[in-house]
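Engineer: Below: sequence and its predicted model.
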Amino acid sequence: MYLFKSIDMLSDQGNGAAVIANSPAASTFDMPDSANNMLADWRDRFNEIDWVPDLGRDIGSFTWFRGLATLALLCGTAISCLPDFGPIQGHQAAALTGSRADQARSQTIAPLAFGSDTGIRMAATDAVRPLAQSPERPSIELVATLGRGDSLRRVLQRAGVANQEASDVTDIVASAVTLGDIKPGTKIDVLLGRRPAKNQPRPLDQLAFRARFDLNLEILRDGDRLKLNRKPILVDDTPLRIRGVVGSSLYRSARAAGAPTEAVQKYLQVIGQKMSVSRDIRSTDEFDIILGYRRAETGEIEVGDLLYAGIERDGKSKTQMLKWTSGGRTNWFEASGVGQSRGDLVRPTNGRQTSSYGMRRHPILRYKRMHSGIDFGGGYGAPIYAVTDGTIAYAGRKGGYGNFVKIQHSSGLASGYGHMSRIAVSSGRRVRKGQIIGYIGSTGLSTGPHLHYELYRNGRTINPSSVKFVERAELAGNELRRFKGELQRLKQVTPGAALGVLKSAASAPKQEREINRLSKTSIS
């Protein structure tokens with residue numbers, strides 16, 4: 001295939017080509033023989049080039065790449081000739097200005113903050129005279145919110161109440177309720193009256209808020225002083241008791257019966273201390289959940305913590321667990337008055353463990369001997385904590401231990417802490433889990449500041465990392481009687497009794513006049 005043809009080739013194709021070659025018009029453009037020969041030579045070379053080779057053959061050759069370049073050039077040319085399909089710009093009306101904009105704005109609906117008005121504005125006439133000063137509002141009503149970590153006095157001051165009146169209001173409220181009992185987020189309605197002069201703050205005319213779940217407080221101005229008005233709210237604190245059959249899933253059955261998610265999760269944790277929820281509870285068993293529950297006559301509801309968790313089988317109590325506070329600690333006790341608390345020992349300090357329990361080469365004595373505890377690294381003066389509750393059995397200097405503290409726990413367990421820089425407790429003192437008992441040091445046989453921690457069982461050292469602490473508490477005497485009385489009271493609550501109709505104080509029968517009562521008696 002040839003893209004260009006020479007004159008000689010045209011002469012071979014017939015008379016028509018010969019006529020064109022010998023025409024006078026063609027002869028007018030005669031060139032020298034050397035130029036003609038060069039042009040003919042280039043034409044022959046271009047004719048010999050195959051510009052559109054078969055791309056399925058000789059893949060990778062120079063001819064194949066030349067054909068690929070031709071194809072790419074043609075495709076690019078075709079794509080560049082594609083028409084543009086962009087959006088066609090329509091007519092846009094010019095923005096209104098001047099009087100037309102004012103007239104259009106007056107006929108639209110817009111928020112007040114953006115200049116909403118009605119009707120067409122009219123220019124002021126000569127009858128309009130400017131005021132010497134604008135009048136003040138006679139009173140201002142606003143709502144203030146008590147934030148977390150805020151105080152009632154600061155809230156009132158931010159609302160515009162004078163410093164002295166804010167202090168007086170705080171003292172008046174403190175005489176009715178504890179200021180710390182007012183929950184963050186409480187809304188306070190404030191009414192400020194007319195001020196005598198512009199350089200003086202507005203007086204407080206009225207203040208009202210909900211101080212407690214069962215109490216509204218209102219402060220009114222009575223002449224020159226403020227008067228407190230208490231408004232008690234009727235509250236029903238009957239516990240919410242929920243019972244039902246376990247069925248295929250204890251969790252789903254309790255949720256279907258109306259128990260909150262958090263209460264069901266806590267219930268499963270408490271029951272799990274006495275039995276396996278998956279293996280020991282049958283589908284025919286009945287669950288018994290009692291929650292703290294308060295209802296106000298104004299409609300608000302407070303759902304408290306889980307108070308009682310029980311499982312019944314064939315009409316008999318299988319498990320009964322009651323939440324009870326004894327000795328300043330809250331624990332779950334069985335119906336017999338016995339309670340258990342399980343949990344790992346807390347870490348005695350925040351440093352990393354540098355030496356474990358067992359035989360080792362002593363870094364100072366240079367021979368192998370039993371290392372009867374665990375070493376924890378730490379900076380000089382870092383705090384040391386009691387791993388659990390107990391009584392200080394020893395606190396003082398003890399040979400190679402340096403400053404040493406030993407705590408006696410229940411069930412024959414005890415813990416020891418050595419090399420302290422300073423002891424923060426004394427012998428015979430009762431300490432709680434996580435309480436600071438001293439500080440890391442390097443007293444005694446020590447190469448640097450660290451804590452040597454030991455654990456004893458019946459007087460003999462054991463590996464501290466292998467012990468999980470179990471504490472057992474038991475009620476007795478008057479406390480046991482009060483415990484059983486509370487358990488009996490809760491079990492007498494009717495399921496769903498807390499959801500009944502609450503009789504409001506506003507719905508109480510009106511006092512009838514004595515003359516009307518006598519007249520009804522005489523008629524009958």
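Structural biologist: That came in fine, so what should we check first?
Engineer: Got the phi and psi for Arg212?
Structural biologist: Torsion angles at Arg212 (phi, psi; degrees, to the nearest 10) stand at phi -140, psi 170.
Engineer: hang on, it packs against Asp181?
Structural biologist: Yes - contact criterion CB atoms under 8 Å: Arg212 and Asp181 qualify, at 6.2 Å. (Each C-beta comes from the backbone N, C-alpha and C, glycine too.)
Engineer: So which of these two has more stuff around it?
Structural biologist: Using other CB atoms under 10 Å as the criterion, Arg212 and Asp181 rank with Arg212 on top: 17 against 10.
Engineer: and that one, how far is that from Arg153?
Structural biologist: As judged by CB to CB, to the nearest Å, Arg212 and Arg153 stand 19 Å apart.
Engineer: same check, this time on Asp168
Structural biologist: Computed with CB to CB, the distance linking Asp168 and Arg153 is 10 Å.
Engineer: May I see the buried residues of the helix or strand hosting Glu312?
Structural biologist: Here Glu312, judged by DSSP states H and E, is contained in strand 301-313. When burial is assessed from 16 or more other CB atoms under 10 Å, strand 301-313 yields the following buried residues: Leu306, Leu307, Tyr308, Ala309, Gly310, Ile311.
Engineer: in its sheet, what does it sit against?
Structural biologist: Here strand 301-313 has these sheet partners by DSSP bridges: strand 286-296 (antiparallel), strand 316-326 (antiparallel).
Engineer: May I have it exported as CSV, CA atoms only?
Structural biologist: Output of strand 301-313 as CSV, limited to C-alpha atoms (Å, rounded to 0.1, in the frame of the first residue of the first chain):
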residue,chain,number,x,y,z
ILE,A,301,-37.9,9.3,86.9
GLU,A,302,-34.6,8.2,88.5
VAL,A,303,-33.4,4.6,88.1
GLY,A,304,-31.0,3.6,90.8
ASP,A,305,-28.5,0.8,91.3
LEU,A,306,-29.2,-2.9,91.5
LEU,A,307,-30.3,-3.7,95.1
TYR,A,308,-31.2,-7.4,94.9
ALA,A,309,-30.4,-10.3,92.6
GLY,A,310,-32.1,-13.7,92.9
ILE,A,311,-32.8,-17.0,91.1
GLU,A,312,-35.8,-19.2,92.0
ARG,A,313,-36.3,-22.8,91.1
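Engineer: How far away from the center of its chain is that strand?
Structural biologist: Put simply, strand 301-313 sits 26 Å off its chain's centre (CA atoms, centre = their mean, to the nearest Å).
Engineer: Quick one: low-confidence residue ranges for the stretch 351-500 of the chain.
Structural biologist: Along the stretch 351-500 of the chain, segments meeting pLDDT under 70 span 359-369, 468-473.
Engineer: Thought Asp305 was touching Arg294, still the case?
Structural biologist: No - taking contacts as CB under 8 Å, Arg294 lies outside contact range of Asp305: 12.0 Å.
Engineer: Help me confirm that Tyr251 is found in a helix?
Structural biologist: Yes - counting by DSSP: H, G, I helix; E, B strand; the rest coil, Tyr251 is part of a helix.
Engineer: Wait, Leu217 touches Ala208, no?
Structural biologist: Yes - the criterion here is CB under 8 Å, and Leu217 meets it with Ala208 at 7.0 Å.
Engineer: all strands of the stretch 251-400 of the chain, in order?
Structural biologist: Using DSSP state E, counting those that start in this stretch, the strands found in the stretch 251-400 of the chain span residues 286-296, 301-313, 316-326, 329-334, 338-344, 353-355, 358-361, 368-371, 374-377, 383-385, 390-397.
Engineer: In JSON lines, list those along with distance to Leu487.
Structural biologist: Output for the strands of the stretch 251-400 of the chain, formatted as JSON lines (distance: least, CB to CB, whole Å):
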{"stretch": "strand 286-296", "distance to Leu487": "10"}
{"stretch": "strand 301-313", "distance to Leu487": "8"}
{"stretch": "strand 316-326", "distance to Leu487": "5"}
{"stretch": "strand 329-334", "distance to Leu487": "9"}
{"stretch": "strand 338-344", "distance to Leu487": "13"}
{"stretch": "strand 353-355", "distance to Leu487": "45"}
{"stretch": "strand 358-361", "distance to Leu487": "48"}
{"stretch": "strand 368-371", "distance to Leu487": "49"}
{"stretch": "strand 374-377", "distance to Leu487": "43"}
{"stretch": "strand 383-385", "distance to Leu487": "35"}
{"stretch": "strand 390-397", "distance to Leu487": "29"}
